[in-house]
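Asker: Give me a 3D structure for the following:
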Amino acid sequence: MTGPRVSIGCFHGEFDGFSKYPVSVAVDVIRATTTAVTGVAQGRRCFPVASIDEAVELAAGFDDPLLVGELGGSTPYGFSLTNSPADVARRADVDRPMILLSTSGTRLIAAAPRKIFVACLRNYSALTRHLVSISADVALIGAGTRGEFREEDALCCARIAAGLLDSGFHAGDEQTARIIERWTDQPVDAFVGGKSTEYLRASGQLRDLEFILTHIDDLDGVFAKVGREIALDANDHVA
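Answerer: Got it, this is the predicted structure:
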């Protein structure tokens, strides 16, 4: 086949398998990429980290940073908030840089050896248009939880991939084709009832599910991590 390819995969702790793609996208709808995009869209600086030690080291270089995150579902000692897009959205202290840690999503983002785009259900259409303009092979990478590719990430990846296929890309492998076929035409709440949403329910954090479901494709912006920081791409804006 001619034209660029799009492949969908799941992160399992190492980035090596995705390094061959010139363009990569991190997806962790529940909740790291939604939290990151929400913070940056507010005008807040965002620094994803892979460990508590890295968070503490980075925090030492800032004046009054906001430590946000979870490990294994628990908010680490000394952190102000769990990994909650709803809680971040309610805060007015956008001048405080956010250091963001999560069990899977920020580890994926931090592992990328070069620029990586950051996507969630808030900005998938804007990112799709941007990827079409780049016209290069793309890896859409779900963060995964305990080795599982979660439903919400599959749905988000499928919506991006389907838009790329409509613009001349082709599926890079059978797994990608299956995910696109399974999830593209599903309603946006089709992942409700999966393990991630049941975790939110059991832990009393359904505010984040409500936030995600009421903020669908509402940002016309492209977000990427370059160096250590996630920021709005210089060629895009937030509406």
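Asker: okay, CA-based contacts and neighbour counts for the rest of this
Answerer: Fine.
Asker: you'd agree residue 230 is in a strand?
Answerer: Yes - counting by DSSP: H, G, I helix; E, B strand; the rest coil, residue 230 is part of a strand.
Asker: which of the residues in the helix or strand bottoming out on mean pLDDT in the chain are buried?
Answerer: Scoring the helices and strands of the chain by mean pLDDT, DSSP states H and E places helix 195-202 at the bottom, with a mean of 94. Buried residues in helix 195-202, counting neighbours by 16 or more other C-alpha atoms under 10 Å, are found at 196, 197, 200.
Asker: Any chance of JSON lines for the residues you listed, columns distance to residue 116?
Answerer: Formatted as JSON lines, these follow (distance: C-alpha to C-alpha, whole Å):
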{"residue": "196", "distance to residue 116": "24"}
{"residue": "197", "distance to residue 116": "26"}
{"residue": "200", "distance to residue 116": "27"}
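Asker: Name the nearest of those relative to residue 233.
Answerer: Using C-alpha to C-alpha, residue 196 comes nearest to residue 233 of these, at 28.8 Å.
Asker: ok, residue 220 to residue 183 distance?
Answerer: Distance of residue 220 to residue 183, given as C-alpha to C-alpha, to the nearest Å: 22 Å.
Asker: err, residue 129, not the other one
Answerer: Here residue 129 is placed at a distance of 19 Å from residue 183 (C-alpha to C-alpha).
Asker: In terms of secondary structure, what does the least confident helix or strand of the chain contact?
Answerer: helix 206-213 (3 or more C-alpha pairs under 8 Å, 6 or more residues apart in numbering; DSSP states H and E).
Asker: how about the helices in the protein?
Answerer: Assigned by DSSP state H, the chain shows helices spanning 32-41, 52-59, 85-90, 105-111, 124-134, 151-166, 174-183, 195-202, 206-213.
Asker: Please enumerate residues in contact with the least confident helix or strand of the chain?
Answerer: For helix 195-202, the surrounding residues in contact (C-alpha atoms under 8 Å, 6 or more residues apart in numbering) are 30, 150, 191, 192, 206, 208, 209.
Asker: In terms of neighbours, single out the busier of residue 129 and residue 183.
Answerer: residue 183 (21 against 15; other C-alpha atoms under 10 Å).
Asker: ok, residue 96 touching residue 43?
Answerer: No - with contact defined as C-alpha atoms under 8 Å, residue 96 does not count as touching residue 43 (9.8 Å).
Asker: and residue 235, what pLDDT?
Answerer: Per-residue pLDDT puts residue 235 at 57.
Asker: Revised request: answer the last question for residue 238.
Answerer: For residue 238, the pLDDT comes out at 41.
Asker: Ok, residue 232 next?
Answerer: 95.
Asker: Kindly confirm whether my reading is correct that it touches residue 220.
Answerer: No - counting by C-alpha under 8 Å, residue 232 stays clear of residue 220, with 10.4 Å between them.
Asker: which one of the two has more residues nearby?
Answerer: Legend: neighbour count by other C-alpha under 10 Å for residue 232 and residue 220, higher for residue 232 (21 against 16).
Asker: Run through the bridge partners of the residue nearest to the more buried one when sequence neighbours are not counted.
Answerer: Excluding its sequence neighbours, the residue lying closest to residue 232 (C-alpha to C-alpha, 6 or more residues apart in numbering) is residue 223, at 4.5 Å. Bridge pairing for residue 223 (DSSP bridges) gives the partners residue 118, residue 232.
Asker: In contact with residue 223, which residues?
Answerer: 37, 117, 118, 119, 230, 231, 232, 233.
Asker: who wins for neighbours among the residues you listed?
Answerer: Each of the contacts of residue 223 was scored for neighbours by other C-alpha under 10 Å, and residue 119 scores highest at 33 neighbours.
Asker: That one - nearest residue in space that isn't next to it in sequence?
Answerer: Nearest residue to residue 119, sequence neighbours excluded (C-alpha to C-alpha, 6+ apart): residue 27, at 5.2 Å.
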